[in-house]
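Undergrad: Build me a model from this:
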Amino acid sequence: MNTPPFSFGPGFSEIFTVTQLSIIAISILLMVLSITIYRNKNLKRIAFAIAIFAIFAIQHIINYVDAKVVDIMPDDMRYAMYSSMTLVIILLFFLAMVKK
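TA: Next up is the predicted model:
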């Protein structure tokens, strides 16, 4: 198991853990909230938000598991996947804004 490349000293590992778990929890909470809004209002744009929050949560779950729990993939592959997922999130945000 490799430490994150930005772990420079004592205390930074805990900051990484707390922020990753917080991001995961908030992303899942926002996804559930978006699903509730979608069911109640039936707004099509909310489907983009559901996908965005789901991808964001998955992205950070994989990052956390790979960095802190078990090394499931090489770091260069994780960085490429992380960047690709971020690109998909940005594209979904763009589509949500311009779609009528």
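Undergrad: got the contact list for the most centrally placed residue in the chain?
TA: For the chain, the residue sitting closest to the mean C-alpha position, by Cα atoms, centre = their mean, is Phe56 at 2.3 Å. By Cβ atoms under 8 Å, 6 or more residues apart in numbering, Phe56 lies in contact with Ile23, Ser27, Met85, Ile89. Where C-beta positions appear, they are placed from N, C-alpha and C, glycine not excepted.
Undergrad: what about it, helix or strand, and which?
TA: helix 45-64 (DSSP states H and E).
Undergrad: if we look at whichever helix or strand comes after that helix, which residues are touching it?
TA: From helix 45-64 onward toward the C-terminus, using DSSP H and E, the following helix or strand is helix 75-98. Residues outside helix 75-98 that contact it (Cβ under 8 Å, 6+ apart) are 2, 5, 45, 48-49, 51-52, 55-56, 58-59, 62-63, 66, 73.
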